[in-house]
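1. Here is a sequence together with a model predicted from it:
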Amino acid sequence: QVQLVESGGGLVQAGGSLRLSCAASGRTFSSYAMGWFRQAPGKEREFVSAISLSGGSTYYVDSVKGRFTISRDNAKNTVYLQMNSLKPEDTAVYYCAADRSIVRLRIGTSASWGQGTQVTVSS
């Protein structure tokens, strides 16, 4: 397992941008697929985006396609989520996840999770 620490959340107006970061501990970051999930009040946690070990493949939930971009820097043990054109419905706690299997990661059964960072989008 790896330890994950998210940062970059905050309050932003609709149409604005935020960049989330997730720093991972350990020397095997490049062996993990990475992803982002979110959970809004009263709702179940949902998959947002994932990126393969090398960064060559990325995946997004339909509601964020064209607005969010996931990337990773294996030299810095960090994964990012650039969020543009934010909408009030993007308001949620965003969680970083890591797993050696991108299949397990995408279905939400990852071995490692961060503590979450709050994103609030005002209308």
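-> Thanks, I have it. Numbers count the residues shown, from 1 in each chain.
2. Just grab the bridge partners of the most centrally placed residue in the chain for me.
-> Central residue of the chain (CA atoms, centre = their mean): residue 36, 2.4 Å from the mean position. Per DSSP bridges, the residues bridged to residue 36 are residue 49, residue 96.
3. Read off the pLDDT value for it.
-> We have a pLDDT of 98 for residue 36.
4. which residues sit in contact with it?
-> Counting by CB atoms under 8 Å, 6 or more residues apart in numbering, residue 36 makes contact with 20, 22, 48, 49, 50, 70, 79, 81, 94, 95, 96, 97. C-beta here means a position set from N, CA and C on the backbone, and glycine is covered the same way.
5. between those, which has the most around it?
-> residue 79 (30 neighbours; other CB atoms under 10 Å).
6. Was I right to think residue 108 contacts residue 37?
-> Yes - Residue 108 is within contact range of residue 37, at 6.5 Å (criterion: CB atoms under 8 Å).
7. Which one of the two is surrounded by more residues?
-> Neighbour totals were compared for residue 108 and residue 37, and residue 37 leads with 25 against 16 (other CB under 10 Å).
8. For residue 103, state which of the contacts of residue 36 is nearest.
-> residue 50 (9.9 Å; CB to CB).
9. Excluding chain neighbours, give the residue nearest to the closest one in space.
-> residue 35 (3.6 Å; CB to CB, 6 or more residues apart in numbering).
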